[in-house]
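Visitor: have a look at this fold, sequence not included:
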Ligand SMILES: [Fe+2]
């Protein structure tokens, strides 16, 4: 594949996810893209994932990228894996993927409160039991990070942070100088991550940006069932980005979750957009924006 595949691709063409093939994305040559759609945690919300893929392609993204955490929360985890594989979407290893691939005892979500861990345990045991061995093996090959050129900008895509896969970078508790140090140390212009489930971004001085893509798996605790992804481009040496809302068949997902015996609290979040579980990890300001 040529290094510039995808540049100038007409709107709606198939994204060049195969830029990283063959093998587990280990090419020395940086892929170059023009417009990237970054999907945060999918949490087994395969219906939102399908809607987001269609939307990103329609908006002319020439790279669709998943930042990890395919499982948790939602139903039938194999459906998410099948959709990502069929669409040839590269995936950065998330804590969930790492745990599921290796059959660890827990999700390495990084929760500390017993209430958070209670619901994380339900999600994890369900997801581990319902993920096929073939998909687990595939997840074991995810890279810890991906780098690519977005126009003139160097982008580093990770799950939590460059230093820790399950580090929470919240908007209200992450100092700007700390972000700047990480971006400089990584030799990048743009740091792209997820893990928190709530999208946000910040320009860090001149010529450096952090973008948290949020999550496709559940709404960002804002009382609206839509979920979000991030679309990024470079223009005149600057990052141009937006967060894109995704509408999908919420009722169908809720019904499927009920059929699978998942907790009513999870279904309520999908229907209402308010987080009902795993709340203790939220910083005070983020938590005060929610209902619970
Ligand atoms: Fe995560």
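Guide: That came through fine. This structure is a prediction, so every number in the text was calculated from the model and none was measured. Residues are numbered from 1 along each chain as shown.

Visitor: show me the strands in this structure, by range?
Guide: Here the chain has its strands, by DSSP state E, at 32-33, 35-39, 63-66, 146-150, 153-157, 190-193, 200-203, 209-212, 227-235, 238-246.

Visitor: same for the shortest one, what does it pack against?
Guide: Yep, that's strand 32-33 we're talking about. strand 146-150 (3 or more CB pairs under 8 Å, 6 or more residues apart in numbering; DSSP states H and E). C-beta coordinates here come from the backbone N, C-alpha and C atoms, glycine included.

Visitor: repeat that for the second one.
Guide: Based on contacts counted as 3+ CB pairs under 8 Å, 6+ apart, the elements that strand 35-39 packs against are helix 46-58, strand 63-66, strand 227-235.

Visitor: okay, now the sheet partners of it, with direction.
Guide: Strand 35-39 has its sheet partners listed here by DSSP bridges as strand 63-66 (parallel), strand 227-235 (antiparallel).

Visitor: surely residue 271 meets residue 225?
Guide: Yes: counting by CB atoms under 8 Å, residue 271 does reach residue 225; the two are 6.3 Å apart.

Visitor: these two: who's more crowded?
Guide: residue 225 (20 against 15; other CB atoms under 10 Å).

Visitor: list the buried ones in stretch 266-277?
Guide: Neighbour counts over stretch 266-277 (16 or more other CB atoms under 10 Å) mark 266-270, 273-277 as buried.

Visitor: do a quick rundown of the helices in the chain.
Guide: Along the chain, counting by DSSP state H, helices occupy 46-58, 77-86, 95-102, 114-130, 133-139, 176-185, 250-259, 264-272, 284-288.

Visitor: what's the closest of those to the ion?
Guide: Of all the helices of the chain, it is helix 95-102 that lies closest to the ion, at 4.5 Å by CB to the ion.

Visitor: neighbouring contacts of that closest one?
Guide: 41, 68-72, 77, 91, 104, 106-110, 124, 127-128, 131, 136-137, 139-140, 142, 159-160, 165-166, 195 (CB atoms under 8 Å, 6 or more residues apart in numbering).

Visitor: and the residue positioned nearest the centre of the chain, what is it in contact with?
Guide: The centroid of the chain falls nearest to residue 40 when counting by CA atoms, centre = their mean (1.4 Å). Residue 40 is in contact with 67, 69, 194-195, 197, 199, 212-217, 228-230, counting by CB under 8 Å, 6+ apart.

Visitor: nearest residue to it other than its sequence neighbours?
Guide: residue 194 (3.4 Å; CB to CB, 6 or more residues apart in numbering).

Visitor: thinking again about what came up before, mind putting the helices and strands packed on strand 35-39 into TSV with distance to the ion?
Guide: As requested, those are exported to TSV (distance: least, CB to the ion, whole Å):
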stretch	distance to the ion
helix 46-58	16
strand 63-66	12
strand 227-235	15
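
Visitor: highest mean neighbour count out of these?
Guide: Most buried of those, by mean neighbour count (mean count of other CB atoms under 10 Å): strand 63-66, with a mean of 28.

Visitor: which residue packs closest to residue 127, ignoring adjacent ones?
Guide: Distance criterion CB to CB, 6+ apart; nearest residue to residue 127, sequence neighbours excluded, is residue 71 at 3.8 Å.

Visitor: the one you found reaches residue 131, doesn't it?
Guide: Yes: judged on CB under 8 Å, residue 71 makes contact with residue 131 at a distance of 6.5 Å.

Visitor: who has more neighbours, the two?
Guide: Taking other CB under 10 Å, residue 71 and residue 131 do not tie; residue 71 has more neighbours (29 against 24).

Visitor: what are the phi and psi values for the more buried one?
Guide: Backbone torsions of residue 71, given as degrees, to the nearest 10, read phi -100, psi -180.

Visitor: who are the contact partners of it?
Guide: Contacts of residue 71 (CB under 8 Å, 6+ apart): 42-44, 77, 80, 96-97, 100, 123, 127, 131.

Visitor: 10 Å instead, please
Guide: Contacts for residue 71 (CB atoms under 10 Å, 6 or more residues apart in numbering) come out as 41-44, 77-78, 80-81, 94, 96-97, 99-100, 107, 123-124, 126-128, 130-131, 135, 139, 217.

Visitor: and for residue 162, the neighbour number?
Guide: For residue 162, the count of nearby residues is 17 (other CB under 10 Å).

Visitor: quick check: it vs residue 136, distance?
Guide: Distance of residue 162 to residue 136, computed by CB to CB, to the nearest Å: 26 Å.
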